[in-house]
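Visitor: quick one, structure for this:
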Amino acid sequence: MFKAYGVGFQERDFELVRKITKVITEEYVVIKDLRYYDINLEDTKDSIVFLFGSKASRLAKDISTRESIFLPEIKSLYQKEENESSRQSAFKKLMLLKDIIENKNTVDTVSETNLIDPVPDTDLKDLKILEQTLVQKNINKWISTTKNGKTIQISIQPEPSETDINITFAELYALRYAMDILNINEWMIVYSNKDIETKD
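Guide: Now for the predicted structure:
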């Protein structure tokens with residue numbers, strides 16, 4: 001079941017909420033204004049929940065859900081020039097949630113999302129959203145493939161892997177910061193060859 005909550009929805013907002021949730025599902029979405037409902041009394045444990053705005057997010061901090069997505073205030077998601085940043089941020093979160101839902105039953109949480117080799121072409125904010133989502137689901141690693149066919153594992157805690165690239169979120173953040181600070185546009189990964197034995 002899909003449910004959406006916000007605080008202070010106007011009548012016209014319900015249509016936009018339905019358009020936004022269609023990115024994830026064609027199923028009917030229950031939409032409620034938390035001025036009139038106590039979300040802690042709602043049955044959400046088996047639901048995918050969309051939360052619009054900081055007030056709704058605060059009210060929902062203790063609820064149990066199948067999946068949750070925290071989106072900006074609905075008024076900042078209308079198609080206006082000044083809302084472009086909020087709309088793009090919301091879309092990225094929705095696509096990440098869609099990816100998680102579609103792949104949640106795989107053993108190693110493999111994602112088909114294309115990544116730019118060797119660093120995901122994603123800003124740090126999106127990487128932190130991914131990390132937070134994994135923590136909430138008690139999952140340590142996220143595995144995907146790059147555009148050139150290399151496998152990559154990004155983990156919260158270091159974990160052995162047979163993937164071509166194995167990196168933690170902390171290492172990835174440090175790398176992205178270094179690239180920004182040093183104005184590095186390109187770099188190369190030197191893959192270790194596990195079959196090579198060194199001789200004295």
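Visitor: quick one: low-confidence parts of this structure?
Guide: For the chain, residues meeting the criterion pLDDT under 70 lie at 103-126, 145-150, 179-200.
Visitor: quick one, helices of it?
Guide: 13-21, 54-59, 84-103, 124-136, 169-182 (DSSP state H).
Visitor: what residues sit buried inside the third one?
Guide: Going by neighbour count (16 or more other CB atoms under 10 Å), the buried part of helix 84-103 is 86-87, 89-90, 93-94, 96-97, 99-100, 103. Yep, even glycine has a C-beta here, placed from its N, CA and C like the rest.
Visitor: how close does residue 7 get to residue 88?
Guide: Per CB to CB, to the nearest Å, residue 7 is found 23 Å from residue 88.
Visitor: sorry, that was for residue 60
Guide: Separation of residue 60 from residue 88 (CB to CB) stands at 23 Å.
Visitor: same check on residue 175?
Guide: From residue 175 to residue 88 the distance is 24 Å (CB to CB).
Visitor: again, but for residue 164
Guide: The spacing between residue 164 and residue 88, counted by CB to CB, is 30 Å.
Visitor: and residue 23, by the same measure?
Guide: Distance of residue 23 to residue 88, computed by CB to CB: 13 Å.
Visitor: now do residue 136
Guide: Note on residue 136: its distance to residue 88, by CB to CB, is 23 Å.
Visitor: list the contacts of residue 74.
Guide: 6, 9, 13, 16-17, 52-53 (CB atoms under 8 Å, 6 or more residues apart in numbering).
Visitor: reformat the residues you listed as TSV; add distance to residue 82.
Guide: Formatted as TSV, those follow (distance: CB to CB, whole Å):
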residue	distance to residue 82
6	20
9	20
13	17
16	16
17	20
52	18
53	17
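Visitor: need the max-distance pair from these.
Guide: Spatial extent of the contacts of residue 74 (CB to CB) is set by the pair 16 and 53 at 13.0 Å.
Visitor: more crowded one of the two?
Guide: residue 53 (21 against 17; other CB atoms under 10 Å).
Visitor: now do the contacts for the more buried one.
Guide: 6-8, 71-74 are the contacts of residue 53 under CB under 8 Å, 6+ apart.
Visitor: what subset of the residues you listed is buried?
Guide: Judged by 16+ other CB under 10 Å, buried ones among these: 6-7, 71-74.
Visitor: ok, back up a step: distance to residue 42 added to the helices of the chain, as JSON lines?
Guide: Formatted as JSON lines, those follow (distance: least, CB to CB, whole Å):
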{"stretch": "helix 13-21", "distance to residue 42": "16"}
{"stretch": "helix 54-59", "distance to residue 42": "11"}
{"stretch": "helix 84-103", "distance to residue 42": "19"}
{"stretch": "helix 124-136", "distance to residue 42": "19"}
{"stretch": "helix 169-182", "distance to residue 42": "32"}
